[in-house]
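Visitor: Generate a structure from the sequence data that follows.
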Amino acid sequence: MSTNTRFPDRLIGKWAVVSSQKPGEQQLGGEILDEWIISLDSLCCDAGYLHARKVEVKEEPQQALLLVSFTNGLQYAFMSSKSQPDSILVIFYGGGAEKMRCVITQAA
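Guide: As a prediction, the model looks like this:
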């Protein structure tokens, strides 16, 4: 596992949030719910800018896992299959508990 403060090149760009779900609530989807712009060391979305404090990359034979800790204390886990790298499950954590999960896809 490698650690730094930069997102991997494959994630840099514009992404569309196509579904989301908070624990105990119904899943939302069917349209673009938000757009994310991921740069070298930050993520910009409707909620504002999140600056990466620590980025850990763990490559496995069938999937890629990226753990990102942001300066505001939130943590995101990005999980993608090697066979579908343009569709990523993102799980948000805060205060040691899951806050939300969403699926992002590469925006055109």
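Visitor: What's the local residue count around Trp15?
Guide: 23 (other CB atoms under 10 Å). To be clear about C-beta, it is placed using only N, CA and C from the backbone, and glycine gets the same treatment.
Visitor: That one contacts Thr105, doesn't it?
Guide: Yes - using CB atoms under 8 Å, Trp15 is in contact with Thr105, at 6.7 Å.
Visitor: joint contacts of those two?
Guide: Ile88 (CB atoms under 8 Å, 6 or more residues apart in numbering).
Visitor: ok, the helix or strand harbouring Arg53: who's next to it in the sheet?
Guide: Secondary structure from DSSP states H and E places Arg53 in strand 48-59. Strand 48-59 has its sheet partners listed here by DSSP bridges as strand 2-4 (antiparallel), strand 42-45 (antiparallel), strand 63-70 (antiparallel).
Visitor: got those strands as a markdown table, with distance to Ala77, mean pLDDT and mean neighbour count columns?
Guide: Putting these into a markdown table (distance: least, CB to CB, whole Å; pLDDT from 0 to 100; neighbours: other CB atoms under 10 Å) gives the following:
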| stretch | distance to Ala77 | mean pLDDT | mean neighbour count |
| --- | --- | --- | --- |
| strand 2-4 | 15 | 73 | 10 |
| strand 42-45 | 13 | 96 | 16 |
| strand 63-70 | 6 | 93 | 18 |
